[in-house]
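>>> Sequence and predicted model, in that order:
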Amino acid sequence: MSPTPAAEGAPVAEGGAPVRLGAGDVELTVLPGDGCRVGSLRIGGTELLRTAEQPSAQGQGVFAYGSFPMVPWAGRVELGRWSNGQVRHQLPIDMPPHAIHGTGVRTSWRPAGPVTSEDGRVSAAFYYDLADPWPYRGRVTQLFELTAESLRTTLSVETAADSFPAQVGWHPWFRKRLSDGGAQARLDFDPAWQEERGADHLPTGRRIAPVPGPRDDCFGLPDGVAATLVWEGELSLEITADCDWMVVFDEQADAICVEPQTGPPNGLNTAPRLVTMIDPLEARTTWTWHRAL
């Protein structure tokens, strides 16, 4: 669940020039030095994301723009505390009183190989090695695959030795309006349930029937994430993912966040998924766009 406004945090490590990928009239900019986020996605010259240059994103910290990976946890961790078996850990508090959105967004990533292009698909991969404040060694890899019709992104977490619980997810800031005077985005999805949100912005553990927005809420989709953003008369965007959870945040005037993730907020404590040497964590999401005729 997203902060309002996004929190100021520790500076992102420097390094990693922007990487620009193109397919047809689609332009994707990846910022490996800025949390390996998608800094821009332009389709036929139309920007889909809130960018760092937009006034609404300026001064709001690392969480406020583009589409960034949430890893090795997604959303809030209650009071920054979690356990791996009998071993207790404390994360820095960056959305008081909780820790939020992982370490990847604050890290400079490295290229995992050259940009490749084959059969109309352009691919680029990046990685970073887990380090303090995360207490376990491992590697995170993110792969982008762009065509003229879609963007597929894959996140994976591997351990270098000890097993540990982890989550992955994506936090895009889609523009509510793609053009001046254009229609406001409509989100269509059919969740199996909504996680009741407590006063501390964490799920209470009680599942309820979905309620109308505005939203800063987590939803269960046990058959996988399937949602569609519609900008009537301009564009529609199908969002799918092999994840069972999705957070929707639409409380800000100019942007809507639709966030597939492999566990709910505070999932390190309530729904831990163990990463082992023989069982890494991997998830993928695909955005497929359709232009209005």
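Looks like it arrived, so ask away.
>>> quick one: strands adjacent to the helix-or-strand element of the chain with minimal mean pLDDT?
The helix or strand of the chain with the poorest confidence is strand 116-118; it has a mean of 94 (mean pLDDT, DSSP states H and E). Note on strand 116-118: by DSSP bridges, its sheet partners are strand 121-129 (antiparallel).
>>> hmm, back to that, identify all contacting residues around the least confident helix or strand of the chain.
122, 123, 124 (C-beta atoms under 8 Å, 6 or more residues apart in numbering). In this view, the C-beta of every residue, glycine as well, is placed from N, C-alpha and C.
>>> So what's the gap between the helix or strand harbouring residue 29 and the chain middle?
Element membership for residue 29 (DSSP states H and E) is strand 26-31. What separates the centre of strand 26-31 from the centre of its chain is 16 Å, taken as C-alpha atoms, centre = their mean, to the nearest Å.
>>> so what secondary structure elements neighbour the helix or strand just after it?
Going down the chain from strand 26-31, the next helix or strand is strand 37-43, by DSSP H and E. Packing partners of strand 37-43 (3 or more C-beta pairs under 8 Å, 6 or more residues apart in numbering; DSSP states H and E): strand 26-31, strand 67-70.
>>> Next, the angle from the first one to strand 37-43.
Angular relation of strand 26-31 and strand 37-43 on a 0 to 180 degree scale: 170 degrees, by axes from the mean of the first three to the mean of the last three C-alpha atoms, to 10 degrees.
>>> hang on, residue 135 packs against residue 89?
Yes. Here residue 135 reaches residue 89: they are 5.4 Å apart, a contact under C-beta atoms under 8 Å.
>>> what's residue 150 in contact with, if anything?
Applying C-beta under 8 Å, 6+ apart to residue 150 gives the contacts 286, 287, 288, 289.
>>> out of the contacts of strand 116-118, who's nearest residue 190?
residue 123 (31.6 Å; C-beta to C-beta).
>>> My guess is the closest one contacts residue 142. True?
No. Residue 123 is not in contact with residue 142 according to C-beta under 8 Å; the separation is 11.4 Å.
>>> Looking at these two, which is more packed in?
Set residue 123 next to residue 142 and count neighbours by other C-beta atoms under 10 Å: residue 142 wins out with 24 against 16.
>>> The helix or strand containing that one to strand 121-129, inter-axis angle?
If you go by DSSP H and E, residue 142 is part of strand 138-146. Interaxial angle of strand 138-146 relative to strand 121-129 (the same axes, to 10 degrees): 160 degrees.
>>> quick one, the helix or strand following strand 138-146 and strand 37-43 angle?
Toward the C-terminal end, the helix or strand that comes next after strand 138-146 (DSSP H and E) is strand 150-159. If you take the same axes, to 10 degrees, strand 150-159 sits at 170 degrees to strand 37-43.
>>> What strands line up against strand 150-159, and which way round?
Strand 150-159 has its sheet partners listed here by DSSP bridges as strand 138-146 (antiparallel), strand 281-291 (antiparallel).
>>> now, of those strands, which is deepest in the fold?
Counting by mean count of other C-beta atoms under 10 Å, strand 138-146 has the highest mean neighbour count of these, with a mean of 21.
>>> and for that one, what are the contacting residues?
21-23, 26, 28, 30, 36, 38, 69, 71-72, 104, 109, 112, 121-130, 151-160, 164, 275.
>>> before we move on, what about stretch 27-34?
Contacts to stretch 27-34, defined as C-beta under 8 Å, 6+ apart, come from residues 12-22, 36-42, 52, 62, 66, 108-111, 124, 126, 144, 146, 151.
>>> which stretches of the stretch 151-293 of the chain form helices?
For the stretch 151-293 of the chain, the helices defined by DSSP state H, counting those that start in this stretch occupy 267-270.
>>> What's the per-residue pLDDT of the residue most central in space within the chain here?
For the chain, the residue nearest the mean C-alpha position is residue 170 (1.4 Å; C-alpha atoms, centre = their mean). For residue 170, the pLDDT comes out at 98.
>>> Residue 177 too?
pLDDT recorded at residue 177 is 97.
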